[in-house]
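> let's see this in three dimensions:
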Amino acid sequence: MRSVELFTGCGGLGLGLARSGFRHDLMVEWNSDAVQTILHNRARGVEHIAHWPIVKSDVREIDWRAHSGVDLVAGGPPCQPFSIGGKHRGDDDHRDMWPQAIRSVREIRPRAFLFENVRGLTRPKFAGYLQSIVDGLSHPSAELRYEVQVLSVNAADFGAAQKRHRVVLAGVRADQLVETAPALRPTHSRERLLWEQFVTGEYWKEYAIDRSIDSYDPIDAAAVRRLRAGGVAPTEKRWVTVRDKLKGLGEPNGKNNHVFQRGAKIYKGHTGSPLDQPAKALKAGDHGVPGGENMMVLPNGDVRYFTTREAARLQGLPDEYEFPRSWTESMRQLGNAVPCELAEAIGAWMTRILTDDGKRLPIAA
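Model (predicted):
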């Protein structure tokens, strides 16, 4: 199926959607460094990216009508206006691009759309503006109507190695509605990770780590007790941990973006990501300078920054995907990216909605 993407960034959403079967007709990004990252990997022939039609442009200057009829419009409008780490100015922020997202739907008239943003968009402060976004996407023009859902998701629940909470606005055009499709359901769970760590001990055995199954963090105590009392393993896959995702990579060696970065230290509110949990959400920082969320906690309790390669893995990008810019700029791009695993899961769900057994299906209520 065909798609158009706004606010492409370094390509996390685009790659996940490509893996789920979408072919991009157009991808738009205004940031020169992010565009150069994609062009660099396109020139290298990285799978799914070798033929990406990336355009450096301001979305406000695009006439979307030339792409009328594609199956999907997707994108991640800049999140800073709504981010807890941002200025919280919402629709008063000049970076608010939701009106442009709505315009793209109005002009393209896609069968469906997917837009991703930070969960800060659902804060009470922005309730009125979120409703105006939903209204605009539901009726982008007088004759056009979409059924819209606002979904709160955690990327870790879909196989990403990050506890990255996001909001997805998903819509299907009204003339596509015939039957009810299954809802978007998580494929991974914290409970399964706790089961393998502290009920069976399988996780520690896998890594030959000598750790008692009774040495769990107090915050997990009640959950572990419930799992042991129930005696039945959760059916989902376990959350993917930092240790899982970085398996085989080894310590920084100066090659393939795997370069040690000095300066990491712990201070209040910046304590790093433990190896045996999904990472905290990578962050771009106010000026591209990351905080504690971009550090890992080593087995001896010390911390160090994730290398660009490690951060790319945490975002689901393959090792052949290179970042030609500095560590700070690369981490800015990665901190703004959508984890590929989350994008792929949502893309596969949308594909099923549109094509299940040849039927056109709506999103479940």
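
> residue 155: neighbour count?
Residue 155 has 27 neighbours, counted by other C-beta atoms under 10 Å. To be clear about C-beta, it is placed using only N, CA and C from the backbone, and glycine gets the same treatment.

> try residue 156
Neighbour count for residue 156, taken as other C-beta under 10 Å: 27.

> so it versus residue 245, what's the distance?
11 Å (C-beta to C-beta, to the nearest Å).

> could you do residue 176 as well?
In terms of C-beta to C-beta, residue 176 sits 36 Å off from residue 245.

> ok, the residue nearest to residue 292 when sequence neighbours are not counted to residue 263 distance?
Excluding its sequence neighbours, the residue lying closest to residue 292 (C-beta to C-beta, 6 or more residues apart in numbering) is residue 270, at 2.5 Å. Computed as C-beta to C-beta, the residue 270 to residue 263 distance reads 12 Å.

> out of the two, which sits in the busier spot?
Neighbour tally, residue 270 and residue 263, criterion other C-beta under 10 Å: the higher count belongs to residue 270, 16 against 8.

> beta partners of that one?
residue 267 (DSSP bridges).

> my guess is it contacts residue 297. True?
No. Between residue 270 and residue 297 there is no contact, the gap being 11.4 Å when judged by C-beta atoms under 8 Å.

> where along this protein do the helices fall?
Taking DSSP state H as the criterion, the chain contains helices spanning 12-19, 32-43, 98-108, 127-138, 190-198, 202-206, 221-230, 242-245, 308-314, 327-335, 340-355.

> out of those, which gets nearest to residue 214?
Nearest to residue 214 among the helices of the chain is helix 190-198 (7.4 Å), distances taken as C-beta to C-beta.

> distance of the residue with the largest distance to the centre of the chain relative to residue 335?
Each residue of the chain has a distance to the centre, and by C-alpha atoms, centre = their mean the biggest one is for residue 229: 34.2 Å. Residue 229 sits 40 Å away from residue 335, going by C-beta to C-beta.

> before we move on, what about residue 128?
Look at residue 128 and residue 335: by C-beta to C-beta, they are 28 Å apart.

> which of these two has more neighbours?
Neighbours were counted for residue 128 and for residue 335 using other C-beta under 10 Å; residue 335 has more, 21 against 10.

> pretty sure that one contacts residue 306?
No. Judged on C-beta under 8 Å, residue 335 makes no contact with residue 306 at a distance of 10.6 Å.

> can you list residues touching both of those two?
Common neighbours of residue 335 and residue 306, using C-beta atoms under 8 Å, 6 or more residues apart in numbering, are 282, 294.

> show me the strands in the stretch 1-150 of the chain, by range?
For the stretch 1-150 of the chain, strands defined by DSSP state E, counting those that start in this stretch occupy the ranges 2-6, 23-29, 54-56, 72-75, 112-118, 146-154.

> my read: residue 305 touches residue 261, true?
Yes. Between residue 305 and residue 261 there is a contact at 4.3 Å, judged by C-beta under 8 Å.

> joint contacts of those two?
With C-beta under 8 Å, 6+ apart as the test, residue 305 and residue 261 both reach residue 327.
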